[in-house]
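Asks: What follows is a predicted structure for the sequence shown.
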Amino acid sequence: NAGVTQTPKFRILKIGQSMTLQCTQDMNHNYMYWYRQDPGMGLKLIYYSVGAGITDKGEVPNGYNVSRSTTEDFPLRLELAAPSQTSVYFCASSRGDSRFQPQHFGDGTRLSIL
Amino acid sequence: QQQVKQSPQSLIVQKGGISIINCAYENTAFDYFPWYQQFPGKGPALLIAIRPDVSEKKEGRFTISFNKSAKQFSLHIMDSQPGDSATYFCAASIMSGGTSYGKLTFGQGTILTVHP
């Protein structure tokens, strides 16, 4: 059982480039999330989705876009990469059909923007 | 209102000792308090969680203590082992009401090192 899979694991971008971070889950979870993790700052929510076709902003959405065309996939797009977007990005999912369901995380994408 | 404050930033304990990590929150609407454990190069994984209707929850060597009036909760790791060396995050969420969609507010994280 793969769980939550993120690709790529590492990426270096130049300022102004764009890229898509991929996230897929095989647990048939309704809810999916994107977080960024910066040293000493914990994890901050970027965007989330409660089902195919439904997305909403989290705490730090500026500079990012998402889409959710299927239950399994929740890609995160950076349109104009900036040094402030250097971070580790985590995708997570949860069942969402009852209370107190844990979030399951992927192993992250480490992104450097130079 | 949405912040969760975690301390200490880092913690070093000897094997067999007790590790204690503390968190405080402001938003009284939070009703789910999980702790996540993260090893280097991996994503966070749920370790243990508590709801505010109980004051303590224990799972093996890991215990959450919850003080609703003080708006504080803590993780205690008994008989700490080198394999417990990891980063620990507390978090909080509003699970009831159906409008928060399980969104988590994380603390800043604590890097735990257990020396053999």
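Replies: The structure has been received and is ready for your questions. Numbers count the residues shown, from 1 in each chain, chains lettered A, B, ... in the order given.
Asks: Next to chain B, which bits of chain A? Give me the list.
Replies: Taking Cβ under 8 Å from any Cβ of the partner chain, the part of chain A that reaches chain B is made up of A:4, A:31, A:33, A:35, A:40-45, A:48, A:50, A:58-59, A:90, A:92, A:94, A:96, A:99-108. Placement of C-beta: from N, CA and C, glycine included.
Asks: which parts of stretch B:40-56 are buried?
Replies: By neighbour count with 16 or more other Cβ atoms under 10 Å in any protein chain shown, stretch B:40-56 contains the buried residues B:43-44, B:47-50.
Asks: Return the subset of those lying in helices.
Replies: Using DSSP state H, the subset of the buried residues of stretch B:40-56 located in helices is empty.
Asks: Wasn't A:Leu21 part of a helix?
Replies: No. Under DSSP: H, G, I helix; E, B strand; the rest coil, A:Leu21 falls outside any helix and is assigned strand.
Asks: out of the buried residues of stretch B:40-56, which touch chain A?
Replies: B:43-44, B:49.
Asks: quick one: which of those residues sit in strands?
Replies: With strands identified by DSSP state E, the entries of those that belong to them are B:Ala49.
Asks: dump the residue contacts of residue 81.
Replies: Defaulting to chain A. Contact criterion Cβ atoms under 8 Å, 6 or more residues apart in numbering or on different chains gives A:13-19, A:113 as the residues in contact with A:Ala81.
Asks: ah, no, chain B please
Replies: For B:Gln81, the contacting residues are B:15, B:114, taking Cβ under 8 Å, 6+ apart as the criterion.
Asks: Give the phi and psi angles for it, as a check.
Replies: phi -120, psi 150 (degrees, to the nearest 10).
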